[in-house]
Structures are given as structure tokens and as C-alpha cells.
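Peer 1: give the three-dimensional model of this entry:
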Amino acid sequence: MAVKRGFWGNLKRDLEAPVAARGFGTGWFSGFFAILLAVIGLCFVAALRWPAMFSMPELAAVRDWSGFRPLVHVTLLGSYALALVSLMLRPRKVLGSTALMMALTATILGGAAVQPHETHDWGIFFGVDFFAVNMLATGLMFAPIERIWPRRPDQRLFRIEWREDLFYFLVSSMMVQVITFLALAPSSYVNARFEWLDATRAAVGSLPWVVQFALAMVLTDIAQYWFHRLFHTVPFLWGFHAVHHSAKAMDWLAGARMHFVEIVALRGITSLPLLTLGFAPSVMQAYVGMVYIYASLVHANVRGDFDRLGKFLVTPRFHHWHHAIEPEAIDKNFAIHFPLLDRLFGTYHFPEGRWPTGYGVPESVPQGYLAQFKYPFVRKAG
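Peer 2: Presented below is the predicted three-dimensional model:
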């Protein structure tokens, strides 16, 4: 008896198709990349059409760049072309038709030639352009890397719980303004009231750029180490962090799974040394950009033991042990950049040449964004 599926059910089935059904010539890869380009193109068109609502002021220079609109045009054309290839090759047409509908929507909204549409200034925006830039910078970088050098070759691109993690990625990107506003509150308070830091700010600001960047990494890592460790040891705080650890598979997207409250708290702690000690704006921008890439890398499904490097810098295998289900790895490897902190405070665990056998948490964390959002407030501490 045939099982009836709706549109989303058919799309999910095709995206999660087994490896044997994704070979060259099946139309799966062309359909997938057609959807990816259509999503990116649609986000860029929305940001151009409604800049007051769907774009970040910090990315205005990118949108005003003379090559940006041609890039949007090429992106949409690429989506059309790949969608047509998928429609011709694939017996089930859901991948190609989905990409085609999204690309057509972007075209109807104005495509690369879209002009800003008057909107009410509500004082907030949703960073769809930031989401698209994030997807370009991380997704298009790490998805191929994980296919070429995978730690677990049998792990699919659309592995278990991929939809939840993609939604987390979307929310953290689109809510960037709200998150930033809340996260900057501690540093704004310090800057307004701690005038005795002026001499320190002047000293830090006079340092060479490279020294400032290295110092920023060290100071933020110290702050994040203790923040991270606190969220493991305080039962109520662990409820928030358990959401991040509930991922049962590790790849570049798993790092995006983080409770909204923890995101705000973590960015608030990270911003304290960056914004209160006089670092140059370019140093802060470079550090933030590096962290976005680095966080994806250490969660990625990439092979390489890096036994020597892992003693000095956090590598994927080092951080995978932090997510390991094995009892020997519980409450280990809190450092974000430098394992030396774990060595100093007795939380270092990096067995030579070994990887964890599994990931997750012993407790039952529910699936779905809303259920996981409520989880810290309703869980019973064990």
C-alpha cells in the first residue's frame, strides 16, 4: 500500500535519500545545489527589496558593492540551470521543482534589479543577508570538505536531526540584531562606569595588530573556558547547554545547535574583553569572523588525529571528545582555542589516535526547536 506524502514529506525523503540514490547522473546533487543557490538568492533579493527589515546595516557596504547585483543574478541563473538539470535527470521532481519555485519567487520580487521598497521603520531587522553570507562562508566551505575528508564516511550530509540544526543556524543568523543588543549589555555597562580602565584601553590600543589579535584570543578563551565549565556544573545552566550536547551526530552544522539564552550569555561574556579593553575595531571584526569559521571546523565531520597540534590548539578530534558519550570524557575539554587551559585546570582529555564512539547526553532531550527551547525550564535536575 503506497504511503501518501505531502510536499514537505516528499522533499524530506529526497533530501535524506540513501547514498546509493545520490550518485552522479541521478540529479540529486544538481537539485540540492539548485535549492541552496535559490535560498541564497531569495535572501539577497529580500534584503535588497526590504533593507530596513531584512538586512544588517553592517553589511551595507556589501550590498552597495558594484559586483553584488551581478552576483545575485548569477546565483539565480545558476539555480535555474541546476533545477532544470535535476528535473531532467531525476524521476522524482521535488528537488528541482522546489528550487525552481524559490528562484521564481526571487525573480518575481525583482531579482537582481530589485529596488528598495518603502517599509515602516519598526526599529528591528531580521538578518536574512547575514544568514545567506553565513551559509556561503560556512556551508559551501565545509559541506565539500566533509565529503572529501570525512571522519565517518557513512554519515550523510542530511544526517539525523539536520533540520533542527539548520533551523538553529537560521534563527541565530536572522535574530542577530536582538542577540547582539542583549549580548552587548554587560560591556555597555562596564564602558559607562569603569573609567579606571582608560589607561588599559590606551595600552591595548597601542599594541601591534597581530599582538592585539593574539591577546583577544587568549582573553576570550579564558572567559569562555569558565563560562563553559559553569554551564556544565550548575544543574539549571546545564539544562541550556544540554541542548547543544544533545546532537547525536557531529558535523559543521551541529555547532549551531545552541539555546537562545546560552547564545546571548556566551556572546555577552565573549564581548566583555573585546569591547571594554580598547581593542581595535578591525581586531574585533577579524576575531568574530574567525570564530564563526573555527566553531564550524571543530564540530565538523573531518578526519585527522592531529595528536601534536591538539596539544596546543583545539582541533576537531579534541572538541569531539567534549561531545563524547563515553564516561571518560564527561566534563572535559572546555577550551575553545587553547587546550593549555584544560591542562592547567585538570579537564584535559585527548587520548592519542582515538575518537569517540558516539555523541549525545544520557538524559532525554526532546526534538524540535520549541521543545528544546522549553526544556531547561521544565527538566528535572538529576
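Peer 1: next up, the contacts around the residue at minimal distance from the centre of the chain.
Peer 2: Closest to where the C-alpha atoms of the chain average out (Cα atoms, centre = their mean) is Ala256, at 4.1 Å. Neighbour list for Ala256: Asp165, Leu166, Tyr168, Phe169, Ser172 [criterion: Cβ atoms under 8 Å, 6 or more residues apart in numbering]. Heads up, the C-betas are built off the backbone N, CA and C, glycines and all.
Peer 1: contact partners of stretch 196-212?
Peer 2: Val190, Leu215, Thr276, Leu277, Gly278, Phe279, Ala280, Ser282, Val283.
Peer 1: can you map out the strands along the chain?
Peer 2: Secondary structure of the chain, counting by DSSP state E: no strands present.
Peer 1: and the lengthiest helix in it, average pLDDT?
Peer 2: Longest helix in the chain, counting residues (DSSP state H): helix 209-233. For helix 209-233, mean pLDDT rounds to 94.
Peer 1: before we move on, back to that, tell me how far the residue nearest to the centre of the chain lies from Val243.
Peer 2: Noted for Ala256: a distance of 11 Å to Val243, by Cβ to Cβ, to the nearest Å.
Peer 1: with adjacent residues omitted, what lies nearest to the residue nearest to the centre of the chain?
Peer 2: Nearest non-adjacent residue to Ala256, counting by Cβ to Cβ, 6 or more residues apart in numbering: Phe169, 3.9 Å away.
Peer 1: ok, now which ones touch that neighbour?
Peer 2: Phe131, Asn134, Met135, Leu253, Ala256.
Peer 1: quick one: residues in contact with stretch 234-242.
Peer 2: 230-232, 259, 261-262, 361, 363, 365, 375-377, 379, 381.
Peer 1: re the thing from before, please list only the buried members of the contacts of Ala256.
Peer 2: With neighbours counted using 16 or more other Cβ atoms under 10 Å, the contacts of Ala256 contain these buried positions: Asp165, Leu166, Tyr168, Phe169, Ser172.
Peer 1: those in helices, which ones?
Peer 2: Reading helices off the buried ones among the contacts of Ala256 with DSSP H, I get Asp165, Leu166, Tyr168, Phe169, Ser172.
Peer 1: what sits closest to the third one if chain neighbours are left out?
Peer 2: In other words, Tyr168. Nearest one to Tyr168, counting by Cβ to Cβ, 6+ apart, is Ala256 at 4.4 Å.
Peer 1: report pLDDT for the one you found.
Peer 2: pLDDT, Ala256: 88.
Peer 1: relative to Tyr359, how far out is it?
Peer 2: Per Cβ to Cβ, Ala256 is found 15 Å from Tyr359.
Peer 1: equivalent analysis for Val298, please.
Peer 2: Separation of Val298 from Tyr359 (Cβ to Cβ): 13 Å.
Peer 1: of the two, who's got more company?
Peer 2: Taking Val298 and Tyr359 together and counting by other Cβ atoms under 10 Å, Val298 has the greater number of neighbours (22 against 19).
Peer 1: contact partners for the more buried one?
Peer 2: Gly255, Val314, Thr315, Pro316, Phe318, His319.
Peer 1: so what pLDDT did the closest residue to the third one other than its chain neighbours get?
Peer 2: What it means is Thr315. Excluding its sequence neighbours, the residue lying closest to Thr315 (Cβ to Cβ, 6+ apart) is Phe306, at 4.4 Å. Looking at Phe306, its pLDDT reads 90.
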